[in-house]
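> take a look and give me a structure for this.
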Amino acid sequence: MTNTKKKGYRVERKIRMMFESHDWKVIRAGASLGEADLICIKDGKSILLQVKSTKNKKFYFHEYMKKKLEGLPFYLVVDFGYGKIRILPPRKKVCAEDGIALKDFLKNGGII
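Numbers count the residues shown, from 1 in each chain. This is a model prediction of the structure:
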């Protein structure tokens, strides 16, 4: 496994554990070859997540850009490091202040 894949797996695992600690059921898409890395389910609600990480203050996203995928909410989760994890609908340029903190999203029951 390359270092990039290891890093991606570690970040996905961290996000998965955060969701599971708030009683979400989480399914990891094997090898992440599709649009979503994680499928999260709670109380009849399902959301799809694409998980990314960066050490920079900005992240440029060039993948799936719609707010829904097959009718399910689709979110981009970016780990900027040092506990700064943001969740938001996908967009091309993401700054460390965009969207909301993942911990707040989880406290709000998965509502942005």
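
> for residue 59, list each beta-bridge partner.
Partner residues in beta bridges with residue 59, using DSSP bridges, are residue 94.

> and what of residue 53?
The partner list for residue 53 in beta bridges (DSSP bridges) reads residue 79.

> tell me how far residue 46 lies from residue 39.
With distances defined as CB to CB, to the nearest Å, the gap from residue 46 to residue 39 amounts to 7 Å. Quick note: C-beta positions are derived from backbone N, CA and C, even for glycine.

> what's the burial count for residue 57?
Close neighbours of residue 57, defined as other CB atoms under 10 Å, add up to 11.

> quick one: the nearest residue in space to it that is not next to it in sequence from residue 43, how far?
In space, residue 57 comes closest to residue 96 once its chain neighbours are excluded; the distance is 5.3 Å by CB to CB, 6 or more residues apart in numbering. The spacing between residue 96 and residue 43, counted by CB to CB, is 30 Å.

> quick one, which of those two is more surrounded?
residue 96 (17 against 8).

> and the one helix or strand in the chain whose mean pLDDT sits lowest, what does it pack onto?
Scoring the helices and strands of the chain by mean pLDDT, DSSP states H and E places helix 3-20 at the bottom, with a mean of 87. For helix 3-20, the contact count by 3 or more CB pairs under 8 Å, 6 or more residues apart in numbering; DSSP states H and E identifies strand 25-28, strand 38-42, strand 45-53, strand 72-79, helix 102-107 as packing neighbours.

> would TSV of those with distance to residue 18 be doable?
What follows is the helices and strands packed on helix 3-20, written out as TSV (distance: least, CB to CB, whole Å):
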stretch	distance to residue 18
strand 25-28	9
strand 38-42	10
strand 45-53	11
strand 72-79	9
helix 102-107	6
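
> how about these in JSON lines, adding distance to residue 90 and mean neighbour count?
Output for the helices and strands packed on helix 3-20, formatted as JSON lines (distance: least, CB to CB, whole Å; neighbours: other CB atoms under 10 Å):
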{"stretch": "strand 25-28", "distance to residue 90": "19", "mean neighbour count": "14"}
{"stretch": "strand 38-42", "distance to residue 90": "14", "mean neighbour count": "18"}
{"stretch": "strand 45-53", "distance to residue 90": "7", "mean neighbour count": "20"}
{"stretch": "strand 72-79", "distance to residue 90": "5", "mean neighbour count": "21"}
{"stretch": "helix 102-107", "distance to residue 90": "15", "mean neighbour count": "17"}
